[in-house]
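Undergrad: turn this into a model:
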Amino acid sequence: MTQQHPDLAAEQALVDHAYDCLERSRQDAWKLRDMNEPGLGGTFQARYERDVFDEALVNRLTQLDLGDAALVFGRIDRLAETPDSLETFHIGRLAVADENREPVVVDWRAPVAEPFYRATGREPMGLARRRHFAVEGRTLLGIEDELFGEGHLGVGHDEGLGGAQAPSSGLRGYSTLLSVLERGRTGQLGDIVATIQAEQDEIIRSPQAGVLIVQGGPGTGKTVVALHRAAYLLYTYRFPLEDQGVLVIGPNRVFLRYIERVLPSLGEAGVEQVVLQDLVPGVGFGGRDTSNVARVKGSTVMEKVITKAIADRERAMKDDVTFPFRSGYVRLRSHVSADIVRQARRRYHRHNAGRKFVENEIWSALAATWHSDVNPDEIRETLRPTPEFRAVIERMWPVLTPAELLHDLFGSKALLKLACAKYMSESDYLSLYRSRSEDVNDVKWSASDAALLDDAREQLGPVPGRGGKVDDADEIRTYGHIVVDEVQDLTPMQLRMVARRSLNGSMTLVGDIAQATGPLAADEWDDVLAHLPQKKEPRVIGLSVGYRIPAQIMELADKVMHVATPGLRAPRSVRQGDESPRIVAASNSNLVSVVVGEITSMRERLVAGNVAVVCPDHMVSDVSDALDAVGVHHGRAQATALEADVTVVPVSLVKGLELDGVVVVEPAAIVADEIHGLRALYVALTRSTRSLTVVHAQPLPEAMR
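TA: Numbers count the residues shown, from 1 in each chain. Reported below is the predicted structural model:
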């Protein structure tokens, strides 16, 4: 039986006291909010100040609501100035003080908490002891101590945690770390605030300025590191970062649902978490592109194509145009219309901003052709409502939305040739053609279109309202810090879309070149950095330790990685799993039934934990139907994320997810179907934290043999 730590009862009392203080703070916040009565009476300024105060209180109440997350997870004993005396700080999810304003818990992001994550035997950072808590809710289950100083060098001792001894790897709180890693997955990514390791903490606390790229293989924790970094920056640079905003961009909605609880669990509920399509207002998505079309749309030449497509809509009249006025006529001469267009192009960098200028110049040009003095405003009042004038202005300088511009462009082979012929082959620009819809609002745009619509939005500018006024809400919003996950898959046009939203060039980008499977997948980080702000020297930091994936599974996956990306080094796994990967052969006729059997077997072995079937996209329906036929309750990732115990996940959506057990179906088909097939297979093989089975009817890819 594991011996109980002698300080367990005292530390449990401290945890209980911390929760009591937290509850007192919550009640005090509610009382203040009740007293404030937002929005009632008084001057506009008074109401505004009450609303701002109320919003701050709501944010504070959100921070104080931890749900099931542990409040306190560690302690440090630091050498004080007086010999033989120690200062003790309990480290937790947020700062808590007692009724006398004395600190009970220190926020994990505070400078004083840094040694909890960074101290080593060689660099103790003034610590005598570091203590890790194993906590479930409010209950303290065990304590692990690491002692520093002469004769200790950060040696760890755990009681109540199973007695695991840390290898000579520099990992802190090894037993606590293992206990967390070996818990069953819930279908939602959890925070790692209690078990952050030194190399992760270095990234989390690194300076805000500039672009920071985090290269990390599967299981290194790069996603949670990026999210914890966002929480740290908001704490450290609360003003002005809270007003400037923090934006998190994920690869798909399954991934967003998977990570959605991490930042709220760290007390930061106001961060926007989106996919790129969410940043394009006023259009509907749902269309799909072939890999070749996605490649064409992702190339930087599309920026020039859009510029040319806009210029093609800024046209002089071919012939003179005559309008009836009073008892005679006024005339817009062709060469004058050409001068107006040239002047507008010189004056205005954004198309829609030039519309009012063009109209006014037309009125003046028409007035100049009348036989006596006439006010251009009089001509405007007479001719502006007429269909003849509307036809002229719509030809010369139409007001365009991004959707209208691209809908017209993609729906006309003639317009495509005019805009694209200088920049790409005929086969490439004709691949962009699609039958024109009767109404632009009916178009279902693809994910690849988002960056094109965004570029067109930037070049066109907002649509002027009454009197030529522009609504500020129509402008592209910028953010003080941007986090992008799976950044290696973004095309150059998508990267430029991200850069457009950066206020100051401050970004955290995480990914893995070995997992790059996009239509224009990067081969090195310079390919990504070329399209991002360069206000500060960019930094690339690597994560070398794999925490999530057992060594046996990584050994199989590494074989594929070394063929797919020979120049990269795989992360080093810190733990051995309970079982080696299973490779099961089947025939074409019984492949799906074998998959169902392997799922059943895996669920029995794992007891608690979730399971995913990762298969080629075209097999999702067949696998799901087979599970329905034998009564296995399951979900599909596109609809239910990872909420079910068993989920069928197309390989195109599995990146970034983690599960207890994974059945990978037909590796050869994954390799054949995907643009970067071996990289996609590598992703599929590295999703499991405990159990992996590969089922195949086709011969295994050479890299797996």
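
Undergrad: which stretches of the stretch 401-550 of the chain form helices?
TA: 402-410, 413-420, 426-430, 449-460, 492-499, 525-529 (DSSP state H, counting those that start in this stretch).

Undergrad: now tabulate the ones you listed in CSV and tack on mean pLDDT, distance to residue 699 and mean neighbour count.
TA: From N, CA and C alone the C-beta is placed, and that goes for glycine too. Formatted as CSV, those follow (pLDDT from 0 to 100; distance: least, CB to CB, whole Å; neighbours: other CB atoms under 10 Å):
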stretch, mean pLDDT, distance to residue 699, mean neighbour count
helix 402-410, 98, 41, 21
helix 413-420, 98, 42, 17
helix 426-430, 97, 33, 14
helix 449-460, 98, 38, 23
helix 492-499, 98, 36, 22
helix 525-529, 96, 33, 17
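
Undergrad: can you tell me which of the ones you listed comes nearest to residue 205?
TA: Each of the helices of the stretch 401-550 of the chain has some distance to residue 205 by CB to CB; the shortest is helix 525-529, at 21.5 Å.

Undergrad: what about the closest one, distance to the chain center?
TA: 18 Å (CA atoms, centre = their mean, to the nearest Å).

Undergrad: what's the answer for stretch 437-444, then?
TA: Taking mean C-alpha positions (CA atoms, centre = their mean), stretch 437-444 and its chain are 29 Å apart.

Undergrad: cool, and stretch 694-704?
TA: For stretch 694-704 - counting by CA atoms, centre = their mean - the centre lies 32 Å from the chain centre.

Undergrad: okay, the helix or strand hosting residue 339 in PDB with CA atoms only?
TA: Per DSSP states H and E, residue 339 falls inside helix 334-347. Provided in PDB are the C-alpha atoms of helix 334-347 (Å, rounded to 0.1, in the frame of the first residue of the first chain):
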ATOM      1  CA  SER A 334     -15.400  58.300 -74.600                       C
ATOM      2  CA  HIS A 335     -12.000  59.900 -74.200                       C
ATOM      3  CA  VAL A 336     -13.300  61.900 -71.200                       C
ATOM      4  CA  SER A 337     -14.600  58.700 -69.500                       C
ATOM      5  CA  ALA A 338     -11.200  57.200 -70.000                       C
ATOM      6  CA  ASP A 339      -9.600  60.200 -68.300                       C
ATOM      7  CA  ILE A 340     -12.000  59.900 -65.400                       C
ATOM      8  CA  VAL A 341     -11.100  56.200 -64.900                       C
ATOM      9  CA  ARG A 342      -7.400  56.900 -65.000                       C
ATOM     10  CA  GLN A 343      -7.700  59.700 -62.400                       C
ATOM     11  CA  ALA A 344      -9.800  57.500 -60.100                       C
ATOM     12  CA  ARG A 345      -7.200  54.700 -60.300                       C
ATOM     13  CA  ARG A 346      -4.400  57.200 -59.400                       C
ATOM     14  CA  ARG A 347      -6.400  58.700 -56.500                       C
END
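
Undergrad: any idea how far residue 329 is from residue 360?
TA: Distance of residue 329 to residue 360, given as CB to CB, to the nearest Å: 20 Å.

Undergrad: hang on, I meant residue 587
TA: For residue 587 relative to residue 360 (CB to CB), the value is 76 Å.

Undergrad: which non-adjacent residue is nearest residue 594?
TA: residue 586 (4.0 Å; CB to CB, 6 or more residues apart in numbering).

Undergrad: now do the phi/psi pair for the one you found.
TA: Main-chain torsions, residue 586, degrees, to the nearest 10: phi -140, psi 170.

Undergrad: can you pull the contacts of it?
TA: 594-595, 695-697 (CB atoms under 8 Å, 6 or more residues apart in numbering).

Undergrad: by neighbour count, which of these wins?
TA: With neighbours set by other CB atoms under 10 Å, the maximum within these is found at residue 595, which has 26 neighbours.

Undergrad: for the helix or strand hosting that one, buried residues please.
TA: Following DSSP H and E, one finds residue 595 within helix 591-606. When neighbours are counted by 16 or more other CB atoms under 10 Å, the buried residues of helix 591-606 are found to be 591-592, 594-599, 601-603, 606.

Undergrad: please apply the same query to stretch 193-201.
TA: 193-197, 199-201.

Undergrad: what are the contacting residues of that stretch?
TA: 70, 73-74, 93, 108, 114, 117-118, 120, 132-133, 135, 170-173, 176-177, 180, 192, 204, 221, 225, 228, 265-266, 543-545, 547.

Undergrad: between the two ends of it, what distance do you get?
TA: Length of stretch 193-201, first residue to last, CA to CA, to the nearest Å: 10 Å.

Undergrad: chain center to it, what's the gap?
TA: 21 Å.

Undergrad: again, but for stretch 666-674
TA: With CA atoms, centre = their mean, you get 27 Å for stretch 666-674.

Undergrad: on that earlier part again, dump the C-alpha coordinates for the helix or strand just after the helix holding residue 595 into PDB.
TA: Next helix or strand after helix 591-606 toward the C-terminus (DSSP H and E): strand 611-615. Provided in PDB are the C-alpha atoms of strand 611-615 (Å, rounded to 0.1, in the frame of the first residue of the first chain):
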ATOM      1  CA  VAL A 611     -11.900   5.300 -29.500                       C
ATOM      2  CA  ALA A 612     -11.700   6.600 -33.000                       C
ATOM      3  CA  VAL A 613     -11.900   4.900 -36.300                       C
ATOM      4  CA  VAL A 614      -9.600   6.900 -38.700                       C
ATOM      5  CA  CYS A 615     -10.300   6.000 -42.300                       C
END
